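Participant: A predicted structure for the sequence below; I have some questions about it.
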Amino acid sequence: MASTVATIRHATREDVPTILSLIHELAAYENATDKVDATEESLTRTLSHYDPSTSSFSEGFAKTLLLTDPDGAIAGMALYFYNYSTWTGAPGIYLEDLFVKEGHRKKGYGKMLLKELAKETLRIGGKRLEWACLDWNEPSLQFYQSLAIGAKKKQEWVGLRVEDAALGRLAGE
């Protein structure tokens, strides 16, 4: 019998193909399908996977929450990792990707995933849950800044990134 509510759980190693599929759907939404280099092998190697038999996680750099709709279909994900703030002297969570499939939007699933991350942030004694959003993604910005979520847009910070050949040059390679 199907559940009457959506559920959230941490992804296992067996969920890697699903995670990769969601990453590709997110890239399509952002018109950046050519930017995805992730593979099942790279995700298997670098993500931290939950093992229900031991209630523990494998080594890895990021964890993934998967949201399943009442019919048992994967409806979305939140891929995150822990960070640290020198100013607060406390850990936090950085949300790398929040994605809810198109047919599952406007059902409260994004809020459910963010609520779960807020609980995890508090559980670890954290003081910040942070993420970035593309400036053109007005529906998401409105959602994040709504009273239901309460995120504040950071105007004084500019995102910076070193990648590709510039990363090699910086490393001296």
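Facilitator: Thanks, I have it. Predicted, not measured: the structure shown is a model, and the values here were computed from it. Residues are numbered from 1 along each chain as shown.

Participant: going forward, measure contacts and count neighbours with C-alpha atoms only.
Facilitator: Will do.

Participant: Do you have the strands of the protein handy? List them.
Facilitator: 7-10, 50-51, 56-57, 63-68, 74-85, 90-100, 128-131 (DSSP state E).

Participant: Determine the angle, from 0 to 180 degrees, between the longest one and strand 90-100.
Facilitator: It stands for strand 74-85. For strand 74-85 against strand 90-100, the angle by axes from the mean of the first three to the mean of the last three Cα atoms, to 10 degrees is 160 degrees.

Participant: Low-confidence regions, this protein specifically.
Facilitator: 1-2 (pLDDT under 70).

Participant: Pick out the residue closest to the middle of it.
Facilitator: The residue lying closest to the centre of the chain (Cα atoms, centre = their mean) is Leu79, at 2.5 Å.

Participant: show me what contacts that residue?
Facilitator: Ala62, Lys63, Thr64, Leu65, Leu95, Glu96, Asp97, Leu98 (Cα atoms under 8 Å, 6 or more residues apart in numbering).

Participant: Could you give the bridge partners of it?
Facilitator: Thr64, Asp97 (DSSP bridges).

Participant: Which residues are in contact with the residue lying closest to Met77 once chain neighbours are set aside?
Facilitator: With sequence-adjacent residues excluded and distances taken as Cα to Cα, 6 or more residues apart in numbering, Met77 is closest to Leu66, at 4.5 Å. By Cα under 8 Å, 6+ apart, the contact list for Leu66 reads Ile8, Arg9, His10, Ala11, Ile74, Ala75, Gly76, Met77, Ala78.
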